[in-house]
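# quick one, structure for this:
(chains A and B)
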Amino acid sequence: KAGVTQTPRYLIKTRGQQVTLSCSPISGHRSVSWYQQTPGQGLQFLFEYFSETQRNKGNFPGRFSGRQFSNSRSEMNVSTLELGDSALYLCASSLGHRNTEAFFGQGTRLTVV
Amino acid sequence: DQQVKQNSPSLSVQEGRISILNCDYTNSMFDYFLWYKKYPAEGPTFLISISSIKDKNEDGRFTVFLNKSAKHLSLHIVPSQPGDSAVYFCAAQPNNYGQNFVFGPGTRLSVLP
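Below you'll find the model as predicted:
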């Protein structure tokens, strides 16, 4: 069974640009969550999608957005990139969205210059 | 305000001995807890979880203990192996409706041969 796949693995963008990251969950998983990992803040929850609906949102500005498609694949978008957005962005998928473990992809390393 | 704390940034253990990683939480709304292992440049790997209705869960070499009154959980690894060397994250899920985990800052475990 294939794991969570995130593309691209690495990305370099310039301040002010926008970026879209993609996540394909484990087959059959309907919940997709996104996390940001930075050395200073650790792993922080961005948002969760379940059945194409955003169920939860973390404490991030509106420049961070996402969506989920009918096949459960998800994308997250960051507009007007700032240097502080440089981070490892992780996607996790779960069967349901209560009391179930989440399985993470390898992440997308975003560098903003 | 850190809701999930891992007060030991690092831990070194001899191969074959027991590793004990600790985690404290402050939010009594958390009702599901997980441990993840992470290698550099990879996504976290799920290890073991525990629901707040239990006080112990075991899976092979890994056992998680939960003390709800103390708001404390611990992960025991017996016997420790060099391949266990990684950063270990404790995560907690609030009892709302969603997969929004709150992660601790992590503990770097080094298992010495």
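# how about the residue of chain B found nearest chain A, nearest residue that isn't a chain neighbour?
Closest to chain A within chain B is residue B:43: 3.4 Å, counting by CB to the nearest CB. In this view, the C-beta of every residue, glycine as well, is placed from N, C-alpha and C. Excluding the flanking residues, the one nearest residue B:43 by CB to CB, 6 or more residues apart in numbering or on different chains is residue A:104, at 3.4 Å.
# near chain B, which residues of chain A show up?
Residues of chain A lying near chain B by CB under 8 Å from any CB of the partner chain: A:4, A:6, A:31, A:33, A:35, A:42-45, A:48, A:50, A:55-56, A:58, A:88, A:90, A:92, A:94, A:97-107, A:109.
# quick one: distance of stretch A:83-94 to the chain centre.
5 Å (CA atoms, centre = their mean, to the nearest Å).
# show me the contact partners of it.
The contact list for stretch A:83-94 (CB atoms under 8 Å, 6 or more residues apart in numbering or on different chains) reads A:4, A:6, A:15, A:21, A:23, A:25-26, A:29-38, A:43, A:46, A:72, A:74, A:76, A:78, A:100-105, A:107-113, B:41, B:43-44, B:99.
# just the buried ones among these, please.
A:4, A:6, A:21, A:23, A:25-26, A:29-37, A:43, A:46, A:72, A:74, A:76, A:78, A:100-105, A:107-110, A:112, B:43-44, B:99 (16 or more other CB atoms under 10 Å in any protein chain shown).
# can you tell me, leaving aside adjacent residues, what's nearest to residue 29?
Let's take chain A. Residue A:29 sits nearest to residue A:93 (CB to CB, 6+ apart), 3.9 Å away.
# if you could check chain B rather than the one you did, that'd help
residue B:94 (4.6 Å).
# give the bridge partners for that neighbour, please.
Residue B:94 forms beta bridges with residue B:30, as assigned by DSSP bridges.
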